[in-house]
Every structure is written in structure tokens, then in C-alpha cells.
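> Sequence isn't available, so here's the structure alone:
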């Protein structure tokens with residue numbers, strides 16, 4: 001195999017995930033055996049993509065990510081006049097991370113406070129959660145707030 005053009009296109013985690021699943025189906029349907037190192041790499045990659053807190057963790061159940069959902073995300077951002085202000089890399093990170101609050105979004109968007117007002121920031125978050133959904137809080141996260149096994153603080157003594 002020869003690489004003709006390095007980094008000629010950006011690929012999201014969802015696209016990689018779909019490609020790997022498609023390749024696995026093709027190999028199974030043709031009873032094709034893959035080399036052990038490719039099998040291990042594929043298995044590890046799918047495990048990584050399906051592990052929380054990644055947005056694809058529940059993809060098999062929820063099907064929140066799809067080509068249609070990504071087009072809908074781009075369409076809604078364009079209608080709100082926000083997509084033109086976001087670079088390709090920022091859009092890719094939004095797709096890969098699916099930020100659900102402004103703090104996480106600020107790690108993805110460079111100079112966010114200077115480029116977007118608070119209303120625009122919240123509008124971006126609303127569009128992302130409306131289009132791609134969001135994870136429900138885990139029981140462990142809820143338990144951390146009310147941890148009865150935690151040592152009492154000095155103030156409570």
C-alpha cells in the first residue's frame with residue numbers, strides 16, 4: 001500500500017467506526033480471515049470507540065450518530081449563522097466529543113469568548129444536544145455528590 005496524499009481529508013470517529021464495522025461485515029460475509037495483528041487492532045479500536053465517556057459508547061442502542069444527523073447538525077449551525085465561524089477542525093472536534101456544556105465547548109473552540117457571545121455559545125450547545133443527543137448522568141457521577149463513605153470535612157467536625 002502506498003499513501004498518495006497525506007491528510008487530504010478529515011475523518012470523524014463516527015466515520016472510522018462505520019468503516020470498521022463495514023469491513024468486518026464484508027470479511028464475515030466472504031469468510032475472509034484477517035491477519036491476527038489487524039484483528040487485534042480492529043478489536044481494540046472498536047473497544048476504544050465504544051467506551052464511555054465517548055459519544056459512540058451507546059451507538060449500537062441509540063443510533064444518535066448517523067450521516068443524516070451530522071448533515072442536520074451542519075444545517076442547523078448554518079441556519080443560525082454559526083457554522084461559518086467554526087473551522088473544519090473545530091467542527092470535527094464537536095462531532096467527536098459532542099460537548100454538552102459551554103466549558104467543554106471552550107476546549108474545542110479556539111478563542112471562544114472573543115468569537116462568540118454567551119447566547120451564541122449556548123445556541124451551539126443547544127443545537128448539538130438537540131441533534132446528537134446527550135448522555136444521561138451515570139449512577140457513579142450521582143453517587144459522587146452524595147458519597148456517604150467519604151471522610152467528613154474539618155468544617156463538619
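Arrived safely. In this text, all values refer to a predicted model and were calculated from it rather than measured experimentally.

> Report the secondary structure element holding residue 103.
helix 102-108 (DSSP states H and E).

> Show the subsequent helix or strand relative to that helix.
Using DSSP H and E, the first helix or strand after helix 102-108 is helix 112-115.

> next structured bit after that following helix?
Moving toward the C-terminus from helix 112-115, the next element (DSSP H and E) is helix 118-132.

> What is the least confident helix or strand in this protein?
When the helices and strands of the chain are scored by mean pLDDT, DSSP states H and E, helix 139-145 comes last with a mean of 46.

> The nearest residue to residue 93 once chain neighbours are set aside: neighbour count?
What sits nearest to residue 93 in space, not counting adjacent residues and going by C-beta to C-beta, 6 or more residues apart in numbering, is residue 108, at 4.3 Å. For every residue, glycine as well, the C-beta is placed using N, CA and C. By the criterion of other C-beta atoms under 10 Å, residue 108 has 19 neighbours.

> Residue 108 and residue 92 touch, don't they?
No: using C-beta atoms under 8 Å, residue 108 makes no contact with residue 92, being 9.3 Å away.

> Going by neighbour count, list what's buried in stretch 26-45.
Going by neighbour count (16 or more other C-beta atoms under 10 Å), the buried part of stretch 26-45 is residue 42.
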